[in-house]
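K.L.:
generate coordinates for the sequence data below:
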Amino acid sequence: MSDVDGVFDKNPKVYKEAKLISEINNKNFKSVIDSMEVFNKNDASGEMKGKILAIKEELAGFDVFIINGFKKGSLSAVLGGKSLGSRICF
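P.N.:
Numbers count the residues shown, from 1 in each chain. As a prediction, the model looks like this:
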């Protein structure tokens, strides 16, 4: 859970036009991580990048969702099968 709705192409707190990356997998992993390194504004603290790297390392084989923990009902919605946030699957 996070304070944003998932992983974005830009920092959604700074850029209104930021787009949610609905899925991160082996096909787009490198481009997502590279964009975080090139555009430090996307992930200023490195926390989202760290989450993604840890998920790839420790939770490969599982579907992991990064969702907004401040939105009421988001956890139960995802557990109920609704697609919210960013799905990370390796």
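
K.L.:
pLDDT score for the residue of the chain most remote from its centre?
P.N.:
Distance from the centre of the chain peaks at residue 80, with 19.2 Å (CA atoms, centre = their mean). Residue 80 is assigned a pLDDT of 95 by the prediction.

K.L.:
excluding chain neighbours, what is closest to residue 69?
P.N.:
Nearest non-adjacent residue to residue 69, counting by CB to CB, 6 or more residues apart in numbering: residue 1, 3.2 Å away. Yep, even glycine has a C-beta here, placed from its N, CA and C like the rest.

K.L.:
hang on, the one you found packs against residue 67?
P.N.:
Yes. The pair residue 1 / residue 67 is scored as a contact, 6.0 Å apart, by CB atoms under 8 Å.

K.L.:
the more surrounded of the two?
P.N.:
Between residue 1 and residue 67, counted using other CB atoms under 10 Å, the more crowded position is residue 67 (20 against 13).

K.L.:
quick one: that one from residue 30, how far?
P.N.:
Shown here: residue 67 relative to residue 30, a distance of 24 Å by CB to CB, to the nearest Å.

K.L.:
next secondary structure after the helix or strand of the chain with the lowest mean pLDDT?
P.N.:
Lowest by mean pLDDT, DSSP states H and E among the helices and strands of the chain is helix 29-38, with a mean of 80. Sequence-wise, the next helix or strand beyond helix 29-38 is helix 47-58, with elements assigned using DSSP states H and E.

K.L.:
what helices and strands are in contact with that following helix?
P.N.:
For helix 47-58, the elements it packs on are helix 29-38, strand 63-66, strand 86-89, judged by 3 or more CB pairs under 8 Å, 6 or more residues apart in numbering; DSSP states H and E.

K.L.:
can you list these in CSV and add distance to residue 48 and mean neighbour count?
P.N.:
Shown next, in CSV, are the helices and strands packed on helix 47-58 (distance: least, CB to CB, whole Å; neighbours: other CB atoms under 10 Å):
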stretch, distance to residue 48, mean neighbour count
helix 29-38, 7, 14
strand 63-66, 8, 18
strand 86-89, 9, 21
